[in-house]
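J.: What shape does this take:
(chains A and B)
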Amino acid sequence: QKEVEQNSGPLSVPEGAIASLNCTYSDRGSQSFFWYRQYSGKSPELIMSIYSNGDKEDGRFTAQLNKASQYVSLLIRDSQPSDSATYLCAALAKGSSNTGKLIFGQGTTLQVKP
Amino acid sequence: SQTIHQWPATLVQPVGSPLSLECTVEGTSNPNLYWYRQAAGRGLQLLFYSVGIGQISSEVPQNLSASRPQDRQFILSSKKLLLSDSGFYLCAWRGVRGEAFFGQGTRLTVV
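T.: Next up, the predicted model:
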C-alpha cells in the first residue's frame, strides 16, 4: 500500500514565526511532490511543487525534498494568521505519469496565532 | 486559462435517493479527470479517474459510479445513496507535471 504520512496537528505557531510541515512517503519510486493548502470548507489549492532533491523557494514558502530519506517538508516564513489552514502533501507515484494518480496525506492543520 | 466548474456546492439528500454530480473543464482538451472524496477529518480518497471519453477507472469498490460522456465533462452518480456516502466531493483535472487542480467541491450530506 503506497502511503503518504503527515502529522495531523494542530501545529500552532505565533505570527511571524517559521512553520515547518513534514511529510513522509513509502513509495521510493515517487517522482513528484505537491503541497496544497485547504481552508476550512474550501477545496485544496496547489501552493508548491518539487521534483528534485533540495530546496525550492517561492516567496515565503520553501519546499524541501530528500528522496533518500523519503521526506518532504514545507517551510512557511513570517507566518501570518491567513496561513491558518490544513496543508496536504501529495505524491505522484512512479508509473502514474499517464494516469496522474496522486496519493494524499491526511493533512496537517496549521494555526498561526496573532 | 483552464477552469473547472463543479455543482452544486451543497446538497442534502435522503438515504436511498439517487445522486448526480457534474463537473466540466474549460480551456483544455482531453484532460485527465478525477473524482475525490474527503470524509470529515480525513484525507482525500481517489474514487475514479478518466483519461478520455468513456474511459473510467475505479479505485475503490463502492456505491458510486462515474461517466465521461464528453471530453470535458465528468459525472459522479449513485442509484441509492447510503449514509456513508456523505462527504466533500471534489473534481479535478491533471496539470502537465502531474499536479491536480480542483473544482470548488460539493458538500453532500445524506440524511
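J.: ok, now how distant is residue A:69 from residue B:12?
T.: According to C-beta to C-beta, to the nearest Å, residue A:69 and residue B:12 sit 45 Å apart. C-beta coordinates here come from the backbone N, C-alpha and C atoms, glycine included.
J.: low pLDDT regions in chain B?
T.: Along chain B, segments meeting pLDDT under 70 span B:61.
J.: again, only this time at 80
T.: Within chain B, the segments meeting pLDDT under 80 span B:1, B:40-42, B:60-62.
J.: Tell me where it has strands.
T.: Taking DSSP state E, the strands of chain B run over residues B:3-7, B:10-13, B:19-26, B:33-38, B:44-52, B:55-58, B:65-70, B:73-78, B:87-94, B:100-102, B:106-110.
J.: As TSV, those strands with distance to residue A:89 would be great.
T.: Below are these laid out as TSV (distance: least, C-beta to C-beta, whole Å):
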stretch	distance to residue A:89
strand B:3-7	22
strand B:10-13	27
strand B:19-26	24
strand B:33-38	15
strand B:44-52	11
strand B:55-58	23
strand B:65-70	26
strand B:73-78	25
strand B:87-94	16
strand B:100-102	13
strand B:106-110	23
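J.: Compare those strands and give me the one nearest residue A:19.
T.: Closest of the strands of chain B to residue A:19 is strand B:44-52, at 21.4 Å (criterion: C-beta to C-beta).
J.: quick one: that closest one to strand B:73-78, angle?
T.: 130 degrees (axes from the mean of the first three to the mean of the last three C-alpha atoms, to 10 degrees).
J.: Can you name the residues in contact with strand B:44-52?
T.: A:44, A:88, A:98-102, A:104, B:30, B:32-39, B:56-60, B:62, B:64, B:66, B:68, B:71, B:74, B:76, B:90 (C-beta atoms under 8 Å, 6 or more residues apart in numbering or on different chains).
J.: Now, of these, which are buried?
T.: Neighbour counting by 16 or more other C-beta atoms under 10 Å in any protein chain shown classes A:44, A:88, A:99-102, A:104, B:32-38, B:56, B:64, B:66, B:68, B:74, B:76, B:90 among the contacts of strand B:44-52 as buried.
J.: Give me the helices and strands touching the helix or strand of chain A with the lowest mean pLDDT, please.
T.: Every helix and strand of chain A was ranked by mean pLDDT, DSSP states H and E. The lowest is strand A:102-104, at a mean of 91. Counting contacts by 3 or more C-beta pairs under 8 Å, 6 or more residues apart in numbering or on different chains; DSSP states H and E, strand A:102-104 packs against strand A:85-92.
J.: what are the pairing partners of the strand it packs on, and which direction each?
T.: strand A:32-38 (antiparallel), strand A:102-104 (antiparallel), strand A:108-113 (antiparallel) (DSSP bridges).
J.: which stretch in those strands is the model least sure about?
T.: Ranked by mean pLDDT, the strands paired with strand A:85-92 end with strand A:102-104 at the bottom, a mean of 91.
J.: tell me which parts of chain A are close to chain B?
T.: A:31-32, A:34, A:41-46, A:49, A:51, A:88, A:90, A:92, A:96-102, A:104-107 (C-beta under 8 Å from any C-beta of the partner chain).
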